[in-house]
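*Asks:* The sequence and its predicted three-dimensional model are supplied below.
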Amino acid sequence: MNRAAGRIAPWHQVNWDSRAAANFIGGGTGTGLLVAAAVAGATGAPYRPLALVALALVAIGLCSVWLEIGRPWRALHVFLHPQTSWMTREAIVAIPLLGAGLAAAWQDGGGYAWVAAALAAGFLWCQAQILKAAKGIPAWRTPRLVPLILATGLAEGAGVLALACALPAAHALARPAAIALAALLLVRAVAWRAYRRPLAAPRAALAVLDRAAPVFDGVGNWAAAGVAAAAAIFAPDAIAAPIGAAAGALALAGGWHLKFVLVARAGFNQGFALPRPPVRGSGAPGPSAKPGW
Amino acid sequence: MTRWAMAVDLRRCIGCQTCTAACRHANATPPGVQWRKVLDIESGEFPDVRRSFVPVGCMHCGDPPCEHVCPTTATKQRADGMVTIDYDLCIGCGYCAVACPYQARHIVHRAQFAWNGEPAPNERARFDPARVAVATKCTFCVERIDAGTALGLTPGTDPQATPACVNSCIAGALVFGDQDDPASPVAKLLAGTEHFRMHEELGTDPGVYYVWDAAGGKR
């Protein structure tokens, strides 16, 4: 039964659940990692394992959302509306992204790595725009969400790179990776504030976001940035990589938490409003109503 | 140009939900799915409290966000303003549902019936498997409008060509017609009244108007 019947104040949307959140989590981290891997690969770090992990994350995200749609065997219809649909555009970008990523992994970097990184950035852009175009969800439709989604994807990618630097083959990259991670986390923290402070959304959505802030912003941004900075600047060589990896794990956990909360917990709809109650008889207009805001 | 639109005279609506029942009867929607429903809204604080009844459904927006986001082109907008869904194209992704600021879209992922999961004879006769796991919403009874206009009837004036909810309204609160035709019932009502559209600030150009007072406050 549809328990939403008769509700007036905003309630949580029922169409996108944790499977949709998984698409934003896997797609964001995977594309961020493809960008990070291209940069790291150019400095001589191993590219192939990072790229394969990144492509797997993107693919898992896409498979998750495929499991959510009502008619999965019609999934190819998703390509029919590139004129205006960011979901179509995401699907269109996904194909060359996976192809270029596999080619780059096959060659362990090289020119295809930059092509894959550019397509990854495009895919991430599409994901951010998908949320922005969801006009029925006040917490998603603000343009200020776009830089936050971009920043968290790139920070998550740098977080995985920092994690990978704990492996002996990538130890040499630990400090530069930690510096990049700290910088991206600061950008993400700024993007979060720019998104959250002016956000006009139902009270319930704001409460959910504010409950998530200590984990996402406190731990995932500031604590992780501090640990990353410590790894980059103060830590002795022997422990710089594991400390950087810890920062990467915190950044990753924070970003995943944010996207899960944003999609699966803060997606309250617009609800209904009565700006002008009816005037009956010779009475005066009554007060307006916009419950839940 | 023709743009089919609906006006809801809030001064007349008594919240009887006859339109809700008529819509369910006309469109055979499953349990819990109401393409049209009437909200019961309290406003103000004691002792100045008002109770208003507000019928809602798809607003058939002039700039429909559901159409823009639909990845399959299943959701389309006709030249006469009505927003339609092609059930054979829809993949049930739910993007239109989160894009709609009016909560007008429904996706039922498996067949639902009123009693014990088994269809009653009338439900069996009218069950449409094409509407399972895809988006559905108020159609403005597009089949009635198209069939009626093909017979030379006028939607909003001739019941045979008018949405079921409008026909059923016992208070005359629902009015339908071509808002671009000054002679239509909806254009006449809007010309003589004060009205608003739901969430107009979002820029969707809804095709449903809510009448709240006489023009210029003349009562």
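*Replies:* Structure received.
*Asks:* can we go C-alpha only for contacts and neighbour counts from here?
*Replies:* Will do.
*Asks:* can you tell if the lengthiest helix in chain A touches chain B?
*Replies:* Counting residues, the longest helix in chain A under DSSP state H turns out to be helix A:237-264. No - using CA under 8 Å from any CA of the partner chain, helix A:237-264 stays clear of chain B, coming no nearer than 10.8 Å.
*Asks:* avg pLDDT for that helix?
*Replies:* Over the span of helix A:237-264, the pLDDT mean works out to 97.
*Asks:* tell me the contacts of the residue in the stretch 151-293 of chain A that chain B sits nearest to?
*Replies:* Among all residues of the stretch 151-293 of chain A, A:Pro278 sits closest to chain B, at 4.1 Å; criterion: CA to the nearest CA. The neighbours of A:Pro278, taking CA atoms under 8 Å, 6 or more residues apart in numbering or on different chains as the test, are A:Pro285, A:Gly286, B:Leu10, B:Arg11, B:Ser52, B:Val211, B:Trp212, B:Asp213.
*Asks:* Would you mind measuring from the last one to B:Val56?
*Replies:* Distance, B:Asp213 to B:Val56, using CA to CA, to the nearest Å: 19 Å.
*Asks:* circling back to that earlier point, would you point out the most distant pair within the contacts of A:Pro278?
*Replies:* Spanning the widest gap among these are A:Gly286 and B:Val211, at 14.1 Å by CA to CA.
*Asks:* between those two, who's got more neighbours?
*Replies:* Using other CA atoms under 10 Å in any protein chain shown as the criterion, A:Gly286 and B:Val211 rank with B:Val211 on top: 26 against 19.
*Asks:* got the residues of the stretch 151-293 of chain A near chain B?
*Replies:* So far as CA under 8 Å from any CA goes, the stretch 151-293 of chain A lies against chain B at A:269-282, A:286-289.
*Asks:* what about 10 Å?
*Replies:* A:267-291 (CA under 10 Å from any CA of the partner chain).
*Asks:* just the contacts of A:Pro278: which has the poorest pLDDT?
*Replies:* Minimum pLDDT across those is recorded for A:Pro285, with 77.
*Asks:* Spit out the contact partners of that residue.
*Replies:* The contact partners of A:Pro285, by CA atoms under 10 Å, 6 or more residues apart in numbering or on different chains, come to A:Arg276, A:Pro277, A:Pro278, A:Val279, B:Arg50, B:Trp212, B:Asp213, B:Gly217.
*Asks:* Now do the same contact list for the first one.
*Replies:* Yep, that's A:Arg276 we're talking about. By CA under 10 Å, 6+ apart, the contact set of A:Arg276 is A:285-289, B:10, B:194-196, B:210-213.
*Asks:* burial count for A:His257?
*Replies:* For A:His257, using other CA under 10 Å, the count is 18.
*Asks:* My read is that it contacts A:Val215, right?
*Replies:* Yes - applying CA atoms under 10 Å as the test, A:His257 and A:Val215 come out as touching, 7.6 Å apart.
*Asks:* Next, the residue of the stretch 151-293 of chain A closest to chain B: phi, psi?
*Replies:* Note on A:Pro278: backbone dihedrals following degrees, to the nearest 10 are phi -70, psi 150.
*Asks:* Before we move on, what's the pLDDT of it?
*Replies:* Here the pLDDT value assigned to A:Pro278 is 95.
*Asks:* Contact partners for residue 175?
*Replies:* By default, I'm working from chain A. Neighbouring residues of A:Arg175 by CA under 10 Å, 6+ apart: A:162, A:165, A:181, A:228-233, A:235, A:237, A:240-241, A:243-244.
*Asks:* actually chain B
*Replies:* For B:Val175, the contact set (CA under 10 Å, 6+ apart) comprises B:5-9, B:156-157, B:162-163, B:165-167, B:169, B:184-187, B:189-190, B:208-209.
*Asks:* near chain A, from those?
*Replies:* Restricting the contacts of B:Val175 to those touching chain A (CA under 10 Å from any CA) yields B:Asp9.
*Asks:* from the contacts of B:Val175, which ones fall inside helices?
*Replies:* B:Cys165, B:Val166, B:Asn167, B:Pro185, B:Val186, B:Ala187, B:Leu189, B:Leu190.
*Asks:* about what we covered before: list only buried entries from the residues of the stretch 151-293 of chain A next to chain B.
*Replies:* Using 16 or more other CA atoms under 10 Å in any protein chain shown as the burial test, those include A:267-280, A:286-291 as buried.
*Asks:* State the three-state secondary structure for the residue lying closest to the residue of the stretch 151-293 of chain A closest to chain B once chain neighbours are set aside.
*Replies:* Spatially, and ignoring its direct neighbours in sequence, A:Pro278 is nearest to B:Trp212 (4.1 Å; CA to CA, 6 or more residues apart in numbering or on different chains). Using DSSP: H, G, I helix; E, B strand; the rest coil, the secondary structure recorded for B:Trp212 is strand.
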